[in-house]
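*Asks:* A predicted structure for the sequence below; I have some questions about it.
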Amino acid sequence: MKLNTFIRFVGPSVVLMVLLMALPLVVTFYLSVRNCALDMEVVTVQETTPFGTQEVVTQRAKLDAKGNAIQVCGFVGLDYFKKVLGVHSDASP
């Protein structure tokens, strides 16, 4: 079999395997070593009900100039895996 024919025959299956198997695996590992959370702020809101008005202290996400919620992301490494597996990094016995 010629090289060109072999590449044309095997190429589509290799591309599909990379897209459907390897790429999600890499993305999953990347997401597992990061921690993202919304940046929250404490606010006091006036709540009006038929029984009167009261002030309530609550949380809400901080917004950027476009009105989107601000996320704070950080690298946590293998801490999640250590926690799930029960591996302690303490040197004390």
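*Replies:* It's in. Residues are numbered from 1 along each chain as shown.

*Asks:* just the strands in this protein please.
*Replies:* Ranges of strands within the chain are 34-38, 40-49, 52-61, 71-75, based on DSSP state E.

*Asks:* what angle sits between the second one and strand 71-75?
*Replies:* Using axes from the mean of the first three to the mean of the last three CA atoms, to 10 degrees, the inter-axis angle of strand 40-49 relative to strand 71-75 is 150 degrees.

*Asks:* Now render the strands of the chain as JSON lines, adding distance to Thr28.
*Replies:* The way it works is simple: take the backbone N, C-alpha and C, and place the C-beta from them, glycine included. As requested, the strands of the chain are exported to JSON lines (distance: least, CB to CB, whole Å):
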{"stretch": "strand 34-38", "distance to Thr28": "11"}
{"stretch": "strand 40-49", "distance to Thr28": "27"}
{"stretch": "strand 52-61", "distance to Thr28": "26"}
{"stretch": "strand 71-75", "distance to Thr28": "16"}
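
*Asks:* Just put those in CSV and tack on distance to Val15 and mean neighbour count.
*Replies:* Formatted as CSV, the strands of the chain follow (distance: least, CB to CB, whole Å; neighbours: other CB atoms under 10 Å):
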stretch, distance to Val15, mean neighbour count
strand 34-38, 28, 12
strand 40-49, 43, 9
strand 52-61, 40, 9
strand 71-75, 31, 10
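
*Asks:* mind checking which of these is nearest Val84?
*Replies:* With respect to Val84, and counting by CB to CB, the nearest of these is strand 34-38 at 14.1 Å.
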